[in-house]
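[1] predicted model and sequence follow; I will ask about them next.
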Amino acid sequence: MAVKTLTINDQLISARAGETILEAARDAGIHIPTLCHLEGVSDVGACRLCLVEIEGSNKLQPACVTEVMEGMVVQTHTEKLEEYRRMTVELLFAEGNHVCAVCVANGNCELQDMAVEVGMDHSRFPYQYPKREVDISHKQFGIDHNRCILCTRCVRVCDEIEGAHVWDVANRGGESKIVSGLNQPWGAVDACTSCGKCVDACPTGSIFRKGATVGSKLGDRQKLEFLITARTKGEWTR
(Lines give C-alpha, C1' and ligand atoms only; values in the text may rest on other atoms or scores of the structure.)
Protein backbone atom coordinates (compact mmCIF):
# COMPACT_ATOMS: atom_id res chain seq x y z
CA MET A 1 0.00 0.00 0.00
CA ALA A 2 1.30 3.45 -0.92
CA VAL A 3 2.58 5.61 1.91
CA LYS A 4 2.20 9.38 2.06
CA THR A 5 4.53 11.65 4.02
CA LEU A 6 3.12 14.84 5.46
CA THR A 7 3.72 17.35 8.23
CA ILE A 8 1.20 17.99 11.02
CA ASN A 9 2.03 20.65 13.58
CA ASP A 10 5.68 20.63 12.45
CA GLN A 11 5.86 16.87 13.02
CA LEU A 12 6.81 14.71 10.04
CA ILE A 13 4.56 11.64 9.86
CA SER A 14 3.69 8.85 7.47
CA ALA A 15 0.17 7.75 6.56
CA ARG A 16 -1.43 5.19 4.28
CA ALA A 17 -2.85 6.43 1.00
CA GLY A 18 -6.58 6.98 1.41
CA GLU A 19 -6.35 7.83 5.12
CA THR A 20 -7.87 11.07 6.30
CA ILE A 21 -5.96 13.79 8.12
CA LEU A 22 -7.90 12.89 11.27
CA GLU A 23 -6.85 9.23 11.07
CA ALA A 24 -3.23 10.13 10.37
CA ALA A 25 -3.16 12.63 13.22
CA ARG A 26 -4.63 10.19 15.72
CA ASP A 27 -2.19 7.46 14.67
CA ALA A 28 0.59 9.97 15.44
CA GLY A 29 -0.90 10.89 18.82
CA ILE A 30 -2.10 14.32 17.67
CA HIS A 31 -5.50 15.28 19.06
CA ILE A 32 -8.07 16.96 16.81
CA PRO A 33 -11.46 17.65 18.46
CA THR A 34 -14.62 16.14 16.94
CA LEU A 35 -18.27 15.57 17.80
CA CYS A 36 -19.73 13.94 14.70
CA HIS A 37 -16.88 11.45 14.14
CA LEU A 38 -17.49 7.89 15.36
CA GLU A 39 -15.08 5.03 14.76
CA GLY A 40 -16.47 2.37 12.43
CA VAL A 41 -19.03 4.46 10.55
CA SER A 42 -18.65 6.86 7.64
CA ASP A 43 -17.63 10.48 8.22
CA VAL A 44 -19.76 13.39 7.06
CA GLY A 45 -18.00 16.51 8.38
CA ALA A 46 -21.13 17.73 10.15
CA CYS A 47 -19.81 19.38 13.31
CA ARG A 48 -16.89 21.29 11.69
CA LEU A 49 -14.88 21.08 14.90
CA CYS A 50 -12.06 19.18 13.17
CA LEU A 51 -11.30 22.02 10.74
CA VAL A 52 -7.58 22.38 10.06
CA GLU A 53 -5.34 24.76 8.12
CA ILE A 54 -3.53 23.32 5.09
CA GLU A 55 -0.61 25.22 3.60
CA GLY A 56 -1.49 26.54 0.16
CA SER A 57 -5.26 26.43 0.72
CA ASN A 58 -7.27 29.54 1.55
CA LYS A 59 -10.06 27.42 3.04
CA LEU A 60 -10.23 25.53 6.31
CA GLN A 61 -10.76 21.83 5.66
CA PRO A 62 -12.51 19.21 7.83
CA ALA A 63 -9.87 16.68 8.86
CA CYS A 64 -12.34 13.78 9.04
CA VAL A 65 -13.14 13.81 5.30
CA THR A 66 -9.94 15.26 3.80
CA GLU A 67 -7.49 12.64 2.56
CA VAL A 68 -3.77 12.99 3.15
CA MET A 69 -1.54 14.04 0.26
CA GLU A 70 2.19 13.77 -0.25
CA GLY A 71 4.00 16.81 1.16
CA MET A 72 0.87 18.23 2.81
CA VAL A 73 1.57 20.68 5.65
CA VAL A 74 -1.19 20.86 8.24
CA GLN A 75 -1.79 22.94 11.36
CA THR A 76 -4.46 21.76 13.81
CA HIS A 77 -4.36 24.24 16.69
CA THR A 78 -3.73 27.77 15.48
CA GLU A 79 -5.28 30.81 17.13
CA LYS A 80 -7.72 31.09 14.22
CA LEU A 81 -8.84 27.46 14.58
CA GLU A 82 -9.26 27.76 18.34
CA GLU A 83 -11.50 30.79 17.85
CA TYR A 84 -13.58 29.00 15.20
CA ARG A 85 -14.04 25.96 17.43
CA ARG A 86 -15.10 28.03 20.42
CA MET A 87 -17.58 29.92 18.22
CA THR A 88 -18.98 26.63 16.87
CA VAL A 89 -19.62 25.29 20.36
CA GLU A 90 -21.22 28.59 21.41
CA LEU A 91 -23.57 28.35 18.43
CA LEU A 92 -24.53 24.78 19.32
CA PHE A 93 -25.55 25.90 22.79
CA ALA A 94 -27.35 29.01 21.51
CA GLU A 95 -29.29 27.17 18.79
CA GLY A 96 -30.61 24.40 21.06
CA ASN A 97 -32.04 24.09 24.56
CA HIS A 98 -29.15 22.59 26.52
CA VAL A 99 -30.01 22.80 30.21
CA CYS A 100 -27.28 20.60 31.62
CA ALA A 101 -28.54 20.59 35.20
CA VAL A 102 -31.63 18.54 34.25
CA CYS A 103 -30.12 16.42 31.45
CA VAL A 104 -29.74 12.65 31.61
CA ALA A 105 -26.22 13.01 30.15
CA ASN A 106 -25.01 15.65 32.63
CA GLY A 107 -21.43 14.78 33.52
CA ASN A 108 -21.15 12.29 30.67
CA CYS A 109 -21.82 14.52 27.68
CA GLU A 110 -19.42 15.05 24.79
CA LEU A 111 -20.82 18.52 24.15
CA GLN A 112 -20.08 19.48 27.76
CA ASP A 113 -16.58 18.09 27.45
CA MET A 114 -16.04 20.00 24.21
CA ALA A 115 -17.14 23.26 25.84
CA VAL A 116 -14.49 22.74 28.50
CA GLU A 117 -11.87 21.83 25.91
CA VAL A 118 -12.39 24.96 23.80
CA GLY A 119 -12.68 27.23 26.83
CA MET A 120 -16.33 28.19 26.41
CA ASP A 121 -17.95 29.49 29.60
CA HIS A 122 -20.71 31.54 27.94
CA SER A 123 -22.18 32.17 24.50
CA ARG A 124 -21.80 35.56 22.86
CA PHE A 125 -24.80 34.76 20.66
CA PRO A 126 -28.44 35.28 21.66
CA TYR A 127 -30.17 32.05 22.68
CA GLN A 128 -32.85 31.03 20.20
CA TYR A 129 -35.00 28.97 22.62
CA PRO A 130 -36.54 26.91 19.79
CA LYS A 131 -39.80 25.05 20.38
CA ARG A 132 -38.85 21.41 19.92
CA GLU A 133 -40.74 18.30 20.89
CA VAL A 134 -39.82 15.27 22.96
CA ASP A 135 -40.89 11.91 21.47
CA ILE A 136 -41.40 9.16 24.06
CA SER A 137 -43.70 7.00 21.93
CA HIS A 138 -41.14 4.16 21.84
CA LYS A 139 -41.62 1.55 24.57
CA GLN A 140 -37.96 1.66 25.66
CA PHE A 141 -36.41 4.91 24.45
CA GLY A 142 -37.10 8.59 23.91
CA ILE A 143 -35.64 11.41 21.85
CA ASP A 144 -35.44 15.00 23.07
CA HIS A 145 -34.92 17.20 20.02
CA ASN A 146 -33.98 20.12 22.27
CA ARG A 147 -30.61 18.50 22.95
CA CYS A 148 -29.89 17.28 19.40
CA ILE A 149 -26.82 18.80 17.70
CA LEU A 150 -27.45 17.15 14.30
CA CYS A 151 -24.21 15.18 14.38
CA THR A 152 -26.11 12.35 12.56
CA ARG A 153 -24.24 9.65 14.47
CA CYS A 154 -27.58 7.95 15.21
CA VAL A 155 -28.46 8.02 11.50
CA ARG A 156 -25.19 6.43 10.44
CA VAL A 157 -25.07 3.81 13.20
CA CYS A 158 -28.65 2.70 12.51
CA ASP A 159 -28.02 2.53 8.76
CA GLU A 160 -24.48 1.18 8.54
CA ILE A 161 -24.28 -1.12 11.60
CA GLU A 162 -27.85 -2.18 12.43
CA GLY A 163 -29.10 -1.91 8.84
CA ALA A 164 -32.52 -0.60 9.88
CA HIS A 165 -32.24 3.03 8.70
CA VAL A 166 -34.84 4.26 11.16
CA TRP A 167 -33.33 7.75 11.38
CA ASP A 168 -32.80 10.49 8.81
CA VAL A 169 -32.52 14.27 8.55
CA ALA A 170 -35.52 16.31 7.41
CA ASN A 171 -35.91 19.96 6.42
CA ARG A 172 -33.15 22.52 5.90
CA GLY A 173 -31.26 25.21 7.76
CA GLY A 174 -32.63 26.12 11.15
CA GLU A 175 -35.61 23.83 10.60
CA SER A 176 -33.44 20.70 10.20
CA LYS A 177 -34.26 17.86 12.56
CA ILE A 178 -33.70 14.15 13.03
CA VAL A 179 -36.80 12.17 12.11
CA SER A 180 -37.77 8.52 12.53
CA GLY A 181 -39.42 6.67 9.65
CA LEU A 182 -41.20 9.06 7.33
CA ASN A 183 -41.44 11.64 10.11
CA GLN A 184 -43.50 9.23 12.21
CA PRO A 185 -43.48 8.90 15.99
CA TRP A 186 -40.56 6.64 16.90
CA GLY A 187 -42.86 4.06 18.46
CA ALA A 188 -44.78 3.70 15.19
CA VAL A 189 -41.71 2.80 13.10
CA ASP A 190 -41.81 -0.96 12.45
CA ALA A 191 -38.23 -0.95 11.15
CA CYS A 192 -36.84 -0.16 14.62
CA THR A 193 -35.26 -3.24 16.21
CA SER A 194 -34.98 -1.61 19.67
CA CYS A 195 -31.24 -2.39 19.64
CA GLY A 196 -30.25 0.82 21.45
CA LYS A 197 -27.24 1.54 19.23
CA CYS A 198 -28.49 5.07 18.58
CA VAL A 199 -28.61 5.68 22.34
CA ASP A 200 -24.97 4.68 22.73
CA ALA A 201 -23.96 6.68 19.65
CA CYS A 202 -25.62 9.94 20.74
CA PRO A 203 -22.99 12.34 22.15
CA THR A 204 -25.54 14.30 24.22
CA GLY A 205 -28.71 13.46 26.15
CA SER A 206 -30.90 13.72 23.06
CA ILE A 207 -31.57 9.97 22.69
CA PHE A 208 -32.05 8.21 26.00
CA ARG A 209 -33.48 5.17 27.71
CA LYS A 210 -36.82 5.67 29.41
CA GLY A 211 -36.54 5.92 33.17
CA ALA A 212 -33.12 7.59 33.00
CA THR A 213 -32.63 10.33 35.58
CA VAL A 214 -30.35 13.36 35.70
CA GLY A 215 -26.77 12.35 34.99
CA SER A 216 -27.58 8.64 34.70
CA LYS A 217 -26.90 8.16 30.98
CA LEU A 218 -23.62 6.35 30.42
CA GLY A 219 -22.42 5.77 26.87
CA ASP A 220 -21.13 2.24 26.24
CA ARG A 221 -18.48 2.95 23.58
CA GLN A 222 -16.94 -0.53 24.00
CA LYS A 223 -20.28 -2.06 23.05
CA LEU A 224 -20.36 0.02 19.87
CA GLU A 225 -16.79 -0.88 18.98
CA PHE A 226 -17.63 -4.55 19.41
CA LEU A 227 -20.76 -4.35 17.28
CA ILE A 228 -18.91 -2.56 14.50
CA THR A 229 -16.59 -5.56 13.98
CA ALA A 230 -18.92 -8.38 15.09
CA ARG A 231 -20.21 -9.20 11.63
CA THR A 232 -16.79 -9.39 9.99
CA LYS A 233 -15.22 -11.36 12.85
CA GLY A 234 -18.20 -13.65 13.41
CA GLU A 235 -18.15 -12.85 17.14
CA TRP A 236 -21.47 -12.12 18.83
CA THR A 237 -20.66 -12.15 22.53
CA ARG A 238 -18.42 -9.92 24.59
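    Okay, I see it. Since the model is a prediction, treat every value here as computed from it, not as a measurement.
[2] from residue 169, how far out is the most centrally placed residue in the chain?
    Centroid-nearest residue in the chain, with C-alpha atoms, centre = their mean: residue 36, separated by 2.0 Å. Going from residue 36 to residue 169 by C-beta to C-beta, to the nearest Å gives 12 Å. To be clear about C-beta, it is placed using only N, CA and C from the backbone, and glycine gets the same treatment.
[3] any common contacting residues for these two?
    residue 152 (C-beta atoms under 8 Å, 6 or more residues apart in numbering).
[4] if we can go back for a sec, wait, isn't the residue nearest to the centre of the chain in contact with residue 62?
    No - in this structure residue 36 lies outside contact range of residue 62 using C-beta atoms under 8 Å: 9.3 Å.
[5] joint contacts of the two?
    Both residue 36 and residue 62 are in contact with residue 45, where contact means C-beta under 8 Å, 6+ apart.
[6] now do the contacts for the residue nearest to the centre of the chain.
    Residues near residue 36 by C-beta under 8 Å, 6+ apart: 43, 44, 45, 46, 47, 49, 64, 151, 152, 153.
[7] which single one of those residues is nearest to residue 3?
    Nearest to residue 3 among the contacts of residue 36, counting by C-beta to C-beta, is residue 64 at 20.7 Å.
[8] how about that closest one, what does it touch?
    Applying C-beta under 8 Å, 6+ apart to residue 64 gives the contacts 20, 21, 22, 34, 36, 37, 43, 45, 50.
[9] so what pLDDT did it get?
    Per-residue pLDDT puts residue 64 at 98.
[10] what about it, distance to residue 41?
    11 Å.
[11] what's the straight distance from one end of stretch 27-45 to the other?
    Distance between the two ends of stretch 27-45: 19 Å, counting by C-alpha to C-alpha, to the nearest Å.
[12] in it, which residues are buried?
    Residues of stretch 27-45 classed as buried: 30, 32, 33, 34, 35, 36, 37, 38, 41, 43, 44, 45 (neighbour count, 16 or more other C-beta atoms under 10 Å).
[13] isn't the last one right up against residue 61?
    In other words, residue 45. No - applying C-beta under 8 Å as the test, residue 45 and residue 61 come out as separate, 9.0 Å apart.
[14] what's the spacing between the nearest residue to residue 97 once chain neighbours are set aside and residue 16?
    Spatial nearest neighbour of residue 97, excluding adjacent residues (C-beta to C-beta, 6 or more residues apart in numbering): residue 146 at 3.8 Å. Separation of residue 146 from residue 16 (C-beta to C-beta): 41 Å.
[15] the two: who's more crowded?
    Shown here are residue 146 and residue 16; by other C-beta atoms under 10 Å, residue 146 has more neighbours (19 against 13).
[16] isn't the more buried one right next to residue 132, touching?
    Yes - applying C-beta under 8 Å, one finds residue 146 in contact with residue 132, separated by 4.7 Å.
[17] mind listing the shared neighbours of the two?
    96, 97.
[18] so residue 199, which state does it fall into?
    The local conformation at residue 199, judged by DSSP: H, G, I helix; E, B strand; the rest coil, is helix.
[19] what score does residue 216 have for pLDDT?
    pLDDT recorded at residue 216 is 86.
[20] what does the lengthiest helix in the chain contact?
    Taking DSSP state H as the criterion, the chain has its longest helix at helix 79-95. Residues external to helix 79-95 that are found in contact with it (C-beta under 8 Å, 6+ apart): 33, 47-49, 51-53, 60, 75, 98, 111, 114-115, 118-120, 122-128, 130, 149, 174.
[21] what about the strands in the protein?
    Applying DSSP state E to the chain gives strands spanning 3-8, 11-16, 51-54, 61-62, 73-75, 134-135, 141-144, 167-170, 177-180, 207-209.
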